[in-house]
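J.: Pasted the sequence and its predicted model underneath.
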Amino acid sequence: MEILTTLVIFAVVIVLFFDYTNGFHDASNIIATPIASRALTPVQAVTIVAIFEFLGPLLGGTAVANTIGKFVDLQALSDFFSVVIILCGILGAIFWNLITWWFGIPSSSSHALVGGLAGAVIISVGADHVIWGVSQLAEGHLTGVTKVILSLIISPIIGFWAGLLIHRITFFLVRGAKPGINKFFKRIQILSCAVLAFSHGANDAQKSMGIITLVLLSGGFIEEFHVPFWVILSCALAITLGILSGGWRIVRTVGFGIFKVRPIHAFDAQLTSGAVIFGASLVGAPVSTTHVVSSALMGIGASERPKAVRWAKARDIVSTWIITIPGAGVVSVLFYLGVSALFDLH
């Protein structure tokens, strides 16, 4: 029992570290546009985002946590074996996050989490322990991996077209305005940036909340899947600390690598992204802030001047999206094989 308790504590710490890497990896996309548009200084942007990022998990509910924590089924396994599998999956996701962060590639922590956990489960106990959700979809129920994947695929498409539409509406409303309108769009980004930060916290931190709850359930420390308040608070703190740590490589890629961002573009991108992400949180759909912010910027750029969008950079980002799930899955498989070589897990 002492070994299991130690393992569970270690797993919780590792998940919180993943939440931290999520903070400086994914949430850096939030501060990219206000910095690129020179509406806020890096210190101002990080401070505003950190405050509302912390409030997001506390007030955003647990619908996304329920989705993430229930797409694998480990109930038939021993407590120790279940926790080891989850741990290997999280390590795979963290390692992938660190690789893409180092090279300044805005990949998806959500994709990495899904790929890492699914890879560890498949290599250890087989694909039948993953809740794919295909049969449930035929019955009209959206659940499991199907719900996660569809959320991650559909959200950037919505982000692109919503960004295009919102930018055209904004442009129409300010037609004929004097150059001084830029001051308004700079000031209002304090609000739009806060909304996006709150939405991100309400969605992304819940993914770690779901995994920690799954660890506690698998280890026998709780009897049913219910997210404890201390888990919510811990994940809120971890992702907020990640925000405060920076992530400037990805800021440069998103803020300067897709489209020349001016104050009106930054405001529209934050408004679009915040609406899409918060809407997804309400229905328990885990989405990628990286995907939504990047696609919203592309839609805004395409709305105004398609030729000004650096589509080559966009293609690089999209290709990273595609390889993240299998890439993180492979890394988690390697972690599991390494642990299996050292210990008799069964």
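T.: Alright, I've got the coordinates.

J.: and the strand or helix carrying Val84, C-alpha only, in CSV?
T.: Assessed by DSSP states H and E, Val84 sits inside helix 79-102. Taking C-alpha atoms only, helix 79-102 is exported to CSV below (Å, rounded to 0.1, in the frame of the first residue of the first chain):
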residue,chain,number,x,y,z
ASP,A,79,-4.4,-0.3,-8.9
PHE,A,80,-0.6,-0.2,-9.2
PHE,A,81,-0.7,-1.2,-12.9
SER,A,82,-3.4,1.3,-13.8
VAL,A,83,-1.4,4.2,-12.2
VAL,A,84,1.8,3.2,-14.0
ILE,A,85,0.0,3.2,-17.4
ILE,A,86,-1.4,6.7,-16.7
LEU,A,87,2.0,7.9,-15.6
CYS,A,88,3.7,6.6,-18.8
GLY,A,89,1.0,8.4,-20.9
ILE,A,90,1.5,11.7,-19.1
LEU,A,91,5.3,11.4,-19.4
GLY,A,92,5.0,10.9,-23.1
ALA,A,93,2.8,14.0,-23.4
ILE,A,94,5.2,16.1,-21.3
PHE,A,95,8.2,15.0,-23.3
TRP,A,96,6.4,16.0,-26.5
ASN,A,97,5.4,19.4,-25.1
LEU,A,98,9.0,20.1,-24.2
ILE,A,99,10.3,19.1,-27.6
THR,A,100,7.8,21.3,-29.5
TRP,A,101,8.3,24.2,-27.0
TRP,A,102,12.1,24.1,-27.5
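
J.: Mind listing what's buried along that helix?
T.: 79-80, 82-97, 100-101 (16 or more other CB atoms under 10 Å). In short, each C-beta sits where N, CA and C put it, glycine included.

J.: helices and strands around it, which ones?
T.: Applying 3 or more CB pairs under 8 Å, 6 or more residues apart in numbering; DSSP states H and E, we find helix 79-102 packed against helix 2-25, helix 109-125, helix 181-218, helix 248-257, helix 311-342.

J.: closest to Leu58 out of those helices?
T.: Among the helices and strands packed on helix 79-102, the nearest to Leu58 by CB to CB is helix 181-218 (8.3 Å).

J.: Between helix 109-125 and the closest one, find me the angle.
T.: If you take axes from the mean of the first three to the mean of the last three CA atoms, to 10 degrees, helix 181-218 sits at 20 degrees to helix 109-125.

J.: residues in contact with Lys186?
T.: Each residue near Lys186 by CB atoms under 8 Å, 6 or more residues apart in numbering is listed here: Ser37, Arg38, Ala39, Leu40, Pro263.
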